[in-house]
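1. 3D, please:
(one chain, ligands or ions: 2)
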Amino acid sequence: MQNQMLAEDIEEVLITPEQIKQKVKELGEQISRDYKDKDLILVGILRGAFIFLADLVREMSIPVKTDFIAISSYGSSSTTSGVVRILKDLDDDIEGRHVLIVEDILDTGLTLNYLVKNLSSRHPASLEICSFVTKEGKQKVPIDLKYCGFRIPNIFVVGYGLDYAQEYRNLPFIGTLKRSIYEDEGHYRLT
Ligand code: IMP
Ligand code: MG
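-> Numbering: from 1, shown residues only. Ligands and ions are numbered 1, 2, ... in the order given. Got it, this is the predicted structure:
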């Protein structure tokens, strides 16, 4: 019921629940092959990655540990500044371990760029990134993704963990919002 009401705010579905399920399965299998016999820790970036990470670990067939880091990249302003703050750090020590960062969406890349630098300084055995979605042509800094689920055009999307003003994360698909939802909001950015 709630989901149906939320769905009314959606302009277009870009990635369906079936496509999501299939892709998460593929990624889970691939990561399980690549990290077989390795001490793997998945680091989910809060809050957006929590749904993807929860689905991903259930498609993995190898032992895996999880940890989370919460960072703020946008603040109240409408454009990414590149100024990133750690709101909640990892609980575990990652030195000598194989770390895979799990992100919901790669946009400008500034958040991941900061995070890669920060986590590298803790001397993991390896450090790679898995982003569920990547926006085409939007990156301001080069980001080397080991795994990427989907590439989408440069548009704002919600659902499957992605929010607008902290809502819509629970939609089981990824889609665009109707213009009427955000047109009076000064802090919103279209691109
Ligand atoms: P970046 O530093 O610009 O790459 O920002 C990445 C973060 O911005 C993601 O982790 C999301 O939280 C957020 N973000 C970027 N694009 C979107 C979008 O289209 N919808 C929802 N959140 C987004
Ligand atoms: Mg995020």
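2. what segments of this structure are helices?
-> With DSSP state H as the criterion, the chain has helices at 2-7, 17-34, 50-57, 110-120, 179-182.
3. output those helices in JSON lines, with distance to ligand 1 appended to each entry.
-> From N, CA and C alone the C-beta is placed, and that goes for glycine too. Putting those into JSON lines (distance: least, Cβ to the nearest ligand atom, whole Å) gives the following:
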{"stretch": "helix 2-7", "distance to ligand 1": "15"}
{"stretch": "helix 17-34", "distance to ligand 1": "15"}
{"stretch": "helix 50-57", "distance to ligand 1": "11"}
{"stretch": "helix 110-120", "distance to ligand 1": "3"}
{"stretch": "helix 179-182", "distance to ligand 1": "11"}
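4. pick the most buried one from those helices.
-> For those, average neighbour numbers computed from mean count of other Cβ atoms under 10 Å are highest in helix 50-57, which has a mean of 20.
5. can you list the helices of the chain in a markdown table and add mean pLDDT?
-> Converted to a markdown table, the helices of the chain look like this (pLDDT from 0 to 100):
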| stretch | mean pLDDT |
| --- | --- |
| helix 2-7 | 74 |
| helix 17-34 | 98 |
| helix 50-57 | 98 |
| helix 110-120 | 94 |
| helix 179-182 | 85 |
